[in-house]
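> task: produce atomic coordinates for the following.
(2 chains)
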Amino acid sequence: MSFIPNTEADRARMREVIGISSNADLFTDVPEKLRFPRLDLPGALSELEVLAELDAMARLDTHTGQAPSFLGAGAYHHFIPAVVDAMVSRSEFATAYTPYQPEISQGTLQAIFEYQSMIARLTGMDVSNASHYDGATSTAEAVIMALNVAQKQRRCVILSRGLHPQYRAVVRTYTQGMGLTIAGDEDRVDGIEGLGLLCDETTACVVVQNPDFLGRIAEPGQVAALARRAHAVGALLIVVANPISLGLLVPPGEMEADVVAGEGQALGNHLSFGGPCLGFFAFRRDQIRKSSGRIAGQTEDHDGRRGFVFTLSTREQHIRREKATSNICTNQSLNALTAAVYMTALGPRGLRRVAELCWHKAHYAASRIAAVSGYVVAPGEFFHEFAVRCPRPVQRISARLYEKHGIIGGYDLGADYPELGNAMLLCCTEVNTKEQIDRLVDALEDCRHA
Amino acid sequence: MPEPLIFEISRKGREGVSLPACDVPETSIPPGLRRSELLLPEVSEIDVVRHYVRLSQLNYAVDTGFYPLGSCTMKYNPKANDAAARMAGFAELHPLQDPSTAQGALAVMHGLQAMMAEIGGFPAVSLQPSAGAHGELTGIFIMRRYHADNGQHARTRILVPDSAHGTNPASTAMAGFEAVEVPSDTRGNIDIKRLKENLDERVAGLMLTNPNTLGLFEENILEVTRLVHDAGGLVYGDGANFNAILGVARPGAMGIDVMHFNLHKTFSTPHGGGGPGAGAVGVVEKLADYLPGPIVAVAESDRGSTVSTRYEWFMPAKTIGRVKSFHGNFGILVRAYVYIRMLGAEGLRAVAENAVLNANYLQARLTSVYPVPYGDRTCMHEFVAQGKLASAPDIRAMDISKRLIDYGFHPPTNYFPLIVPEALMIEPTETESLETLDRFADTLLRIAEEAAAHPELLHEAPHSSPVRRLDEVRAARELKVTAG
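Residues are numbered from 1 along each chain as shown, chains lettered A, B, ... in the order given. Prediction:
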């Protein structure tokens, strides 16, 4: 099935109009020795067969709807109200291109404008773009924006060790051609004050995550002090935020952050094995011309009616080419729409309620696990997740949790944070019931000697 | 009817979702950590539904009509793709689960890697990049690392034809290289003489879109790639236009060293109003170790086993690093996998043949009225006409495009490629019928008549859309980018 409507009779008529005798005549510009290779691909399947094949493959997976899961670490299993998928799967949204013709793309453009407004309010910032690919690339784009704000005069970037290890990796990938110094994370500088001490006149930006990768929440005053320290030397503060936590917690905008980046998957997007995700990206109004990504703006049509267009395109690759602020073109529009529908459906009280449920469940789990001999819960305030030092290698505990108890355990911190010993990062959201948490606690007790 | 902003529909106290009571003892939240207010909309579920359904109705989409947007390959997106991506074993799978609990997902990725490799003629493929431009950036980093490893640190220039997408020079600059423009010749190919002049020891490589954005197959492709290789450079292939040559020619065999595939164009995944896409990257053998990971491999211990295959993650030895978190836009990868499995090798070749046939048919029907600068050549999946009519000198390409909206069509791509004045870049794709093509051609011919007789109809178009022409200058001046 190739989804081609034309019949052989149609094709014959078309060839006649074109003046060729066979389809092969269309490809005479292709060097003959390259033409029509034999492709060794599996034979074509009907829809029935292919869906059966995919169903069989999907059944090989144990998904988070089947087994209680306590995995977070940047991707979160939340309840998604049915209305979200129902709206987002409308093919008028799903099968449109980037809105290059605004007169017939007002649905997408207005939805992006509303998404930008919600993200700006959620983060406490002035402006949001239309999206980046994910939290990691959004963070890397924030770093590049800071370098551009400093007009490439500042060559040092400070990363917190609490920043998601994969985000740190992507920042390094993205900036590998720039001859930068990246400090902080691999030097194991601890705490926000330590990062402040690294700032000097070579610093373009400081990047912290709050709550950090280990779930730890910094005092808003501490973050604001870091912002002032960064500003005092002329650097920007980039805060990577957890959007669900912002239903409850003080937003980075109130901590004097210059850019707020992060992963928006948790706002109504399915886990989908880690993609497609949603990179959100919010900033101060005075940096708008240095920002990357598309931005929808309000205007009027010929008859004075309100309408929306993409604006400030002069920052973008299709106009500025090598002088663009980023190469981004296709972004994550449908995921941004998803986040907007989710935030609309939940509203301020719903989002706060989700965050509170996450808070209570994670704290309940932490307090119960802390009481199990051999397990030590990291101190301090946390959101969504917390690190637990385990009596045995995490890999062995996780294997037993899954095989004997049917539980998907937490993230093994061993590779990224060897200094924490046998540490596991456990996450709870509103989907984790008390019964699941109690089962986890009992199972961890059983795993003490795994 | 304009749709109010969701904030204007909001009424204090309304709720759209009910959440369960807390079933665990509550833990107090320090007041100093709590935010004071959050001004999200407050609406009931019916408001959510009506708002977004109405917004959706203001959109034009492939599922509502013909969308011949050049270089964007707006083909039909089969619904089976979405059905597979929605399966709980894929949609509810956490990316950091132990691979032993996600073997189905890894099998899909492994299968797709293998099929993309076979279709493109590349021994290795990474599925990490999220979009075409992301694939380009990945490719330039790979080229950079390869040259650095060979001590070729002076190679910092990337040659880019003047017909290239804007992402090509932008990706080049973002990777810390310098983009150098190479002109096209009178047949729409890259100008070989000018290419040779630029090929020196500073050149890291050439970025080539083939077929190019004029819709033309690079006639001298083998000479072009040989020249670049002889000069010590690598050739990057921009796969945006791969739909034209699916099963017809393999980029790997043309001398392309690294290429991205746009799964959201060629492989029928929906574009989502601007993403998510996926920009898988294929490379030749000598570049395989530089790919971004993780990549899916058959577990070492299971090689040669016929009982069962076990898949695992693997990071290439000299990888440029991660280009995103987790494993790529998996939900998009599932869709592309389903598509390729439904088509098979013959189906893919039929895609290219019909896409090219449709484009040539439209070109043949329109050339007598609309100039087509390289119209003496057979076009590939698209062609670039000019919105310049002898009978209506003050009519511009934009006017013609906007008038097409009144007749129920999405306009072609306007003003690109930059080297064709008043460009109307038309890509019908293979999923459109002869009747649709005829209606579109008849309409364009009728618009040409209107342009001469009633030019104001075009200048003031569109008349029938939800809004009329929008004031972009005002948007940029006032910069109202959030609701008040």
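> residues contacting B:Val224?
B:Val224 makes contact with B:190, B:192, B:195, B:206, B:208, B:218, B:235, B:255 under the criterion Cβ atoms under 8 Å, 6 or more residues apart in numbering or on different chains. The C-beta positions use only the backbone N, C-alpha and C, and glycine is treated the same way.
> likewise A:Ala387?
For A:Ala387, counting by Cβ under 8 Å, 6+ apart, the contacting residues are A:214-215, A:377-378, A:413, A:417, A:420, A:423-426.
> tabulate those residues in a markdown table, adding columns for distance to B:Leu357 and secondary structure.
Shown next, in a markdown table, are the contacts of A:Ala387 (distance: Cβ to Cβ, whole Å; DSSP: H, G, I helix; E, B strand; the rest coil):
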| residue | distance to B:Leu357 | secondary structure |
| --- | --- | --- |
| A:Leu214 | 58 | coil |
| A:Gly215 | 57 | coil |
| A:Val377 | 66 | strand |
| A:Ala378 | 64 | coil |
| A:Leu413 | 57 | coil |
| A:Tyr417 | 58 | coil |
| A:Leu420 | 62 | helix |
| A:Ala423 | 61 | strand |
| A:Met424 | 58 | strand |
| A:Leu425 | 55 | strand |
| A:Leu426 | 58 | strand |
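> give me the low-pLDDT residue ranges for the stretch 51-200 of chain A?
Segments of the stretch 51-200 of chain A classed as low confidence (criterion: pLDDT under 70) are not present in this model.
> show me where it has helices.
Taking DSSP state H, counting those that start in this stretch as the criterion, the stretch 51-200 of chain A contains helices spanning A:82-88, A:91-94, A:106-123, A:135-149, A:165-174, A:191-198.
> equivalent analysis for the stretch 351-450 of chain A, please.
When secondary structure is read from DSSP H, counting those that start in this stretch, the stretch 351-450 of chain A shows helices at A:394-405, A:434-447.
> and those helices: which comes nearest chain B?
Closest of those to chain B is helix A:434-447, at 4.3 Å (criterion: Cβ to the nearest Cβ).
> what mean pLDDT does the closest one get?
Averaging the model's pLDDT scores along helix A:434-447 yields 98.
> buried set for it?
Residues of helix A:434-447 classed as buried under the neighbour-count rule (16 or more other Cβ atoms under 10 Å in any protein chain shown) are A:434, A:436-437, A:439-441, A:443-444, A:447.
> out of those residues, who's nearest B:Asn212?
Comparing the buried residues of helix A:434-447 against B:Asn212 with Cβ to Cβ places A:Gln436 closest, at 56.1 Å.
> find the nearest non-adjacent residue to that closest one, please.
In space, not counting the residues next to it along the chain, A:Gln436 is nearest to A:Pro68; the distance is 4.0 Å by Cβ to Cβ, 6 or more residues apart in numbering or on different chains.
> quick one, phi psi at that neighbour?
Backbone torsions of A:Pro68, given as degrees, to the nearest 10, read phi -60, psi 130.
> quick one: contacts for it?
Counting by Cβ under 8 Å, 6+ apart, A:Pro68 makes contact with A:406-408, A:432, A:436, A:439-440.
> how close does it sit to chain B?
12 Å (Cβ to the nearest Cβ, to the nearest Å).
> circling back: okay, the helices of the stretch 51-200 of chain A in JSON lines with mean neighbour count and distance to chain B next?
Compiled in JSON lines, the helices of the stretch 51-200 of chain A are given as follows (neighbours: other Cβ atoms under 10 Å in any protein chain shown; distance: least, Cβ to the nearest Cβ, whole Å):
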{"stretch": "helix A:82-88", "mean neighbour count": "19", "distance to chain B": "4"}
{"stretch": "helix A:91-94", "mean neighbour count": "22", "distance to chain B": "4"}
{"stretch": "helix A:106-123", "mean neighbour count": "28", "distance to chain B": "4"}
{"stretch": "helix A:135-149", "mean neighbour count": "27", "distance to chain B": "4"}
{"stretch": "helix A:165-174", "mean neighbour count": "24", "distance to chain B": "4"}
{"stretch": "helix A:191-198", "mean neighbour count": "17", "distance to chain B": "15"}
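> possible to save these as CSV with distance to B:Leu457?
Compiled in CSV, these are given as follows (distance: least, Cβ to Cβ, whole Å):
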stretch, distance to B:Leu457
helix A:82-88, 36
helix A:91-94, 27
helix A:106-123, 22
helix A:135-149, 43
helix A:165-174, 49
helix A:191-198, 62
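> ends of stretch B:162-176, what's the gap?
Between the opening and closing residues of stretch B:162-176 lies a distance of 20 Å (Cα to Cα, to the nearest Å).
> so does that stretch get close to chain A?
Yes: part of stretch B:162-176 sits close enough to chain A to count as contact by Cβ under 8 Å from any Cβ of the partner chain, namely B:165-167, B:169-176.
> what number of residues lie near A:Leu159?
When counting by other Cβ atoms under 10 Å in any protein chain shown, one arrives at 26 neighbours for A:Leu159.
> what residues does the stretch 351-450 of chain A put near chain B?
A:351-354, A:356-357, A:359-361, A:363-364, A:367, A:381, A:398-399, A:402, A:408, A:411, A:430, A:433-434, A:437.
> list buried residues within those residues.
Neighbour-count burial within these applies to A:351-354, A:356-357, A:359-361, A:363-364, A:381, A:398-399, A:402, A:408, A:411, A:430, A:434, A:437; the criterion is 16+ other Cβ under 10 Å.
> from those residues, which land in strands?
Cross-referencing these against strands under DSSP state E gives A:Tyr411.
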